[in-house]
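Visitor: Pasting the sequence and the predicted model now:
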Amino acid sequence: MSLTAARLDTTFAALADPTRRAIIARLAQGPASVGELAQPFAMSQPAISRHLKVLETAGLISGGKEAQRRPRKLEAQPLAEAFSFLEAYRAFWEVRFTEFDKVLEDLKAQQTKEGDAP
């Protein structure tokens, strides 16, 4: 397995959990402390810390140090790699939907013709 494939696996596994996706969404607004990240969730501090560890291992977030605070921040590179991977599939589906639209237009035109015939 290539390094890129392994990194994508780790990224998608980290993003598979709704709590971690919510943490990522919060960090997209700017850095936040563990306490700030834990606040909207009904779970223990250790549980939040485990989620943060998964995100850090995937390279999706990093920790800093400001006095006694240890704010976490979003890291864009793994998300950019995941987006690039998915972008190829978006293009694939756009082509398929365009082809499907053409088939539907042809069927509609055929029905209209058959409805006009005496």
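Guide: Yep, that arrived.
Visitor: if I look at the spatially most central residue of the chain, how far off is residue 82?
Guide: The structure's the chain has its C-alpha centroid closest to residue 15; by Cα atoms, centre = their mean the separation is 6.3 Å. Note on residue 15: its distance to residue 82, by Cβ to Cβ, to the nearest Å, is 7 Å. (Glycine included, C-beta is placed from N, CA and C.)
Visitor: try residue 49
Guide: To residue 82, residue 49 is 24 Å away according to Cβ to Cβ.
Visitor: swap in residue 93?
Guide: Between residue 93 and residue 82 the computed distance is 17 Å (Cβ to Cβ).
Visitor: And residue 42, by the same measure?
Guide: Residue 42 is 28 Å from residue 82, where distance means Cβ to Cβ.
Visitor: Neighbour count for the two, which is higher?
Guide: Between residue 42 and residue 82, counting by other Cβ atoms under 10 Å, residue 82 is the more crowded of the two (18 against 6).
Visitor: can you pull the contacts of the more buried one?
Guide: Contact partners of residue 82, counting by Cβ atoms under 8 Å, 6 or more residues apart in numbering, are 8, 11-12, 15.
Visitor: Just the buried ones among the residues you listed, please.
Guide: Burial by neighbour count, judged by 16 or more other Cβ atoms under 10 Å, picks out 8, 11, 15 from the contacts of residue 82.
Visitor: Hmm, residue 81 and the first one touching each other?
Guide: Yes: with contact defined as Cβ atoms under 8 Å, residue 8 and residue 81 form a contacting pair (6.5 Å).
Visitor: Just the closest of the contacts of residue 82 to residue 69, please.
Guide: The shortest gap between residue 69 and any of the contacts of residue 82 belongs to residue 15, at 25.7 Å (Cβ to Cβ).
Visitor: quick one: average confidence on the top helix by length along the chain?
Guide: Looking only at the chain and at elements set by DSSP state H, the helix with the highest residue count is helix 76-116. When pLDDT is averaged along helix 76-116, the result is 88.
Visitor: chain center to it, what's the gap?
Guide: In this view, helix 76-116 has its centroid 21 Å away from the chain centroid, taken as Cα atoms, centre = their mean, to the nearest Å.
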